[in-house]
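Asker: the following block contains a protein sequence and its predicted model.
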Amino acid sequence: MLTKRIVPCFDVLDGRVVKHVGFLENRRDAGDPVALAKRYSDEGADELVLLDISASEEGRLATHRVVEEVARQVNIPLTVGGGVSGIDDVRELLLSGADKVSMNTGAVRNPQLIKEAAHRFGEQCVVVAIDANLNQTMRTYEVMIQGGKIGTGMDAVTWAKKAVDLGAGEILLTSFRQDGTREGFDIQLTKLIASAVNVPVIASGGAGKKEHFVDVFVEGHADAALAASIFHFDETSIQQVKSHLRQRGVPVRWEK
Amino acid sequence: MIVLLDMGIGNLSSVQSGFARSAGAETVIVQSGEAWDELIASGAQVSGLVLPGVGAFGDAMFQLRSSGLLRVVRQMAREGKPLLGICLGMQLLLSVSEEHGSHVGLGIIPGSVTRFPNSVKVPHMGWNDLVKVVDHPLLNGITQGDFVYFVHSYKANLQNEADLLAAADYNGIVVPAVIGRGLVLGTQFHPEKSGHVGEAILRNFVEICRQTAKAGAHA
């Protein structure tokens, strides 16, 4: 049986992991990415996501070194994203050791990038990240870009379907409303997207306690769940989350 | 020495670090038939061959042919040297694939490669448990229910059940996970990304290569 995945995520700035609180708020240092990657992989993480949030050219180089080092040290899959805007970015990250590359704003601005990347490197390594925000009056979810700063007017379900048609092998779905709140994943949004596409969906944004993971898998139909700060600061361990999921009958990978 | 074939599309560095991490084994990457000839001329003793691979079936076969690596694979298989195909590399061992058209494979293990039906999510992505079908040196220390990491949209269909070493159940679909005929072996999952279980499989392959080389030297 295919199991549900627990995916710790780190934001990397100038070669360091930084704490992520909401999209637009301040961030603080959470340690060395290689040490953290090894720890999570030892603790039973199923996959790692590393997001490069550096804007500067210097920061970008630091991130490449981090990707290489993390890929060498860990024995689980690694997804890397942040600022991917062209096919050369995808190629470079894959060569640095990423197994999958996540694209967000770059894919919205140029959807053909998804097609080109899927054709050249295979659908399995193309992750399209969607930041979605609930539009209260329209009762729909709008796709946001540039870290949630800009609304696109595009419907999240429509965009997810289009991205998959173009060759996305996985959707990394972040709820703008829930992100940083620790009040739980956006179940409604996750269910909406997971039932609209035939590729795996990673739910992100809002994880605050182990019970939230059960909800997002059982009710939200997510294939994987991503979390950052609850793992970085030892509030809940991956093992605690997994053993809770097991008790509740959700299949997870367990190393004997 | 174990040689990794570079078909221009694979994630070779992770396979290479996988072998280093799990078995302390040094591997050499070879990109063409000429590079292979030079390696052999330099006196290197190659004990095993690995076909890694992500990408498309047709492109990979084209690459094998145009780079001159196809004859290397055939020669190694003929000489009875251990060979390990990973993911797409495993599928290449079969006779034919329907990925983006119809493509002829290496045909070392009879069978075909077809896309998953739309009744399941495609790709089959994530950690699935293994059902061991037979005991095999490649699966030493692996127990029923150990998890490994898959990511693929196409699956193998074997002509002979005897070539199936382990399977995975994906929502009722039986996925050949480990296949083998003689010392030609393949894993549909990525051992280099499959935690300690995957590392054990890489270590087992290194041991198979070592034992085969030893037996050959004494023959």
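Answerer: Thanks, I have the structure now. Numbers count the residues shown, from 1 in each chain, chains lettered A, B, ... in the order given.
Asker: how much space separates the residue nearest the centre of chain B from A:V49?
Answerer: With distances taken as CA atoms, centre = their mean, B:G85 lies nearest the centre of chain B, 1.4 Å away. For B:G85, the distance to A:V49 (CB to CB, to the nearest Å) stands at 28 Å. Backbone N, C-alpha and C define where each C-beta goes, glycine included.
Asker: these two touch, right, A:E255 and B:G195?
Answerer: Yes - taking contacts as CB atoms under 8 Å, A:E255 lies within contact range of B:G195: 6.3 Å.
Asker: who's more crowded, these two?
Answerer: B:G195 (23 against 10; other CB atoms under 10 Å in any protein chain shown).
Asker: pull the contacting residues for the more buried one.
Answerer: A:S41, A:N75, A:I76, A:E255, B:F147, B:Y149 (CB atoms under 8 Å, 6 or more residues apart in numbering or on different chains).
Asker: switch to 7 Å and redo it
Answerer: A:N75, A:I76, A:E255 (CB atoms under 7 Å, 6 or more residues apart in numbering or on different chains).
Asker: how many neighbours does the nearest residue to the second one once chain neighbours are set aside have?
Answerer: If you skip the residues right next to it in sequence, A:I76 has A:S41 as its closest partner in space, 5.2 Å away by CB to CB, 6 or more residues apart in numbering or on different chains. Residues lying near A:S41 (other CB under 10 Å) number 21.
Asker: try A:G147
Answerer: 15.
Asker: got a pLDDT number for the closest residue to chain B within chain A?
Answerer: Closest residue of chain A to chain B, CB to the nearest CB: A:R253 (4.0 Å). Looking at A:R253, its pLDDT is 97.
Asker: and what of B:G8?
Answerer: In this prediction B:G8 is given a pLDDT of 72.
Asker: thought it was touching B:Q63?
Answerer: Yes - with contact defined as CB atoms under 7 Å, B:G8 reaches B:Q63; the gap is 5.2 Å.
Asker: buried residues in the top helix by length along chain B?
Answerer: Using DSSP state H, we find that the single longest helix of chain B is helix B:195-218. Neighbour-count burial for helix B:195-218 flags B:195, B:197-210, B:212-213 (criterion: 16 or more other CB atoms under 10 Å in any protein chain shown).
Asker: what mean pLDDT does stretch B:177-194 get?
Answerer: 97.
Asker: torsion angles phi and psi at A:V250?
Answerer: phi -90, psi 130 (degrees, to the nearest 10).
Asker: element containing the closest residue to it other than its chain neighbours?
Answerer: Nearest residue to A:V250, sequence neighbours excluded (CB to CB, 6+ apart): A:F217, at 5.1 Å. If you go by DSSP states H and E, A:F217 is part of helix A:210-218.
Asker: then that helix to CSV, C-alphas only?
Answerer: What follows is helix A:210-218 as a C-alpha-only set of coordinates in CSV (Å, rounded to 0.1, in the frame of the first residue of the first chain):
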residue,chain,number,x,y,z
LYS,A,210,-0.4,16.0,15.3
GLU,A,211,-4.2,15.8,15.0
HIS,A,212,-4.1,18.2,12.0
PHE,A,213,-2.2,15.6,9.9
VAL,A,214,-5.0,13.1,10.4
ASP,A,215,-7.6,15.7,9.2
VAL,A,216,-5.7,16.6,6.1
PHE,A,217,-5.2,13.0,5.1
VAL,A,218,-8.6,11.6,6.0
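Asker: which one of the contacts of B:G195 is nearest A:I171?
Answerer: A:I76 (20.0 Å; CB to CB).
Asker: so the closest one sits against A:E43, correct?
Answerer: No - contact criterion CB under 7 Å: A:I76 and A:E43 do not qualify, at 10.9 Å.
Asker: between those two, which one's more packed in?
Answerer: Taking other CB under 10 Å, A:I76 and A:E43 do not tie; A:I76 has more neighbours (24 against 15).
Asker: how about the residues of chain A that lie near chain B?
Answerer: A:1-3, A:5, A:46, A:71-72, A:75-77, A:94, A:97, A:99, A:121-125, A:169-170, A:198-200, A:223, A:253, A:255 (CB under 7 Å from any CB of the partner chain).
Asker: tell me which of these fall in strands.
Answerer: A:R5, A:E170 (DSSP state E).
Asker: select only the buried ones of the residues of chain A next to chain B in PyMOL?
Answerer: Entered in PyMOL, the line below selects the buried ones among these, by 16+ other CB under 10 Å:
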select buried, chain A and resi 2+3+5+46+71+72+75+76+77+94+97+99+121+122+123+124+125+169+170+199+200+223+253
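Asker: comparing B:G8 and B:Q63, which residue is more hemmed in?
Answerer: Counted by other CB under 10 Å, B:G8 and B:Q63 do not tie: B:Q63 has more neighbours, with 20 against 15.
Asker: in three-state terms, label that one for me.
Answerer: Under DSSP: H, G, I helix; E, B strand; the rest coil, the three-state class of B:Q63 is helix.
Asker: for it, which non-adjacent residue is spatially closest?
Answerer: B:M7 (4.4 Å).
Asker: would you state the helices of the chain in chain order?
Answerer: Using chain A here. A:33-42, A:57-73, A:87-96, A:105-109, A:112-121, A:156-166, A:187-196, A:210-218, A:229-232, A:238-247.
Asker: correction: the question concerned chain B.
Answerer: B:12-23, B:33-41, B:57-66, B:70-78, B:88-91, B:195-218.
Asker: packing partners of the fifth one?
Answerer: By that I understand helix B:88-91. helix B:57-66, strand B:184-187 (3 or more CB pairs under 7 Å, 6 or more residues apart in numbering or on different chains; DSSP states H and E).
Asker: pipe those into CSV and attach distance to B:L39 per row.
Answerer: Converted to CSV, these look like this (distance: least, CB to CB, whole Å):
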stretch, distance to B:L39
helix B:57-66, 17
strand B:184-187, 21
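Asker: which of these comes out lowest on mean pLDDT?
Answerer: Among the helices and strands packed on helix B:88-91, helix B:57-66 scores lowest, at a mean of 92.
Asker: buried set for that helix?
Answerer: B:F57, B:D59, B:A60, B:M61, B:Q63, B:L64.
Asker: just those residues now: which is nearest chain A?
Answerer: Nearest member of the buried residues of helix B:57-66 to chain A, counting by CB to the nearest CB, is B:D59, at 9.3 Å.
Asker: in chain B, which strand has the most residues?
Answerer: strand B:173-181.
Asker: buried set for that one?
Answerer: B:V175, B:P176, B:A177, B:V178, B:I179, B:G180, B:R181.
Asker: please apply the same query to stretch A:242-256.
Answerer: A:K242, A:H244, A:L245, A:V250, A:P251, A:V252, A:R253, A:W254.
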